[in-house]
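**Q** Whatever this is, show me its structure:
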Amino acid sequence: MILWKIFLAFFIPGILGYGGGPASIPLIENEVVGHYHWMTVSEFSNILAFGNALPGPIATKMAGYIGYEVAGIPGALVALFATIAPSLILLIALLKLLERFKDSPKVKWLTLLIRPIIVVMLGMMAYNFFATSLQSSGWLPLILIAAASFVLMQRFRIHPAFVIAGALAIGAIFMG
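**A** Below is the predicted model of the structure:
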């Protein structure tokens, strides 16, 4: 029963919180503090401050932490799923709508216009990651990790997820 309550506590703000995580925070507080009394306003404020200090979407970080505090790992998983479920449902519905109109000249034109924008956004993201890693660790580790990643993926056909995990481990061990 507690997992169902956790699901509702995060699913309802996800549906009603138009505008993303920051818009959902008061709704989450209402559910967690006001409705279910899982924590106090002070505890919620501390979680909010901690969540804001970490990178990534605030609502999912808070959901994972609060779900874990209330019901352990199953609670964290349910809270995370409930937080992303409204967006997931909407995405599936929009994909079905797009599939329905995929042959429309307007949709094809829109798709052609979106592709360059996505390329530019991905390029900017890669540049920002490059600049940040260069600033924090210098040229040598950056070049070594990039070269090793290239060789592992191209020559040995190692899956990128394993290469990323290895790069994170190296960063944690040698640069952290």
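**Q** ok, which stretches of the chain are helices?
**A** 2-16, 21-29, 41-53, 58-100, 105-137, 139-154, 160-170 (DSSP state H).
**Q** Of all these, which one is nearest His35?
**A** Distance to His35, taken as Cβ to Cβ, is lowest for helix 2-16 among those, at 7.3 Å. The C-beta positions use only the backbone N, C-alpha and C, and glycine is treated the same way.
**Q** list the contacts for Ala79?
**A** Neighbouring residues of Ala79 by Cβ atoms under 8 Å, 6 or more residues apart in numbering: Ile6, Phe7, Ala9, Phe10, Ala63, Gly64, Ile66, Gly67, Tyr68, Val70.
**Q** Walk me through the domains of the protein.
**A** With domains defined by automatic domain parsing, the chain comprises 2-100, 105-175.
**Q** most neighbours per residue, which of these?
**A** Most buried of the domains of the chain, by mean neighbour count (mean count of other Cβ atoms under 10 Å): domain 2-100, with a mean of 16.
**Q** Ala23 - nearest residue in space that isn't next to it in sequence?
**A** Gly17 (4.5 Å; Cβ to Cβ, 6 or more residues apart in numbering).
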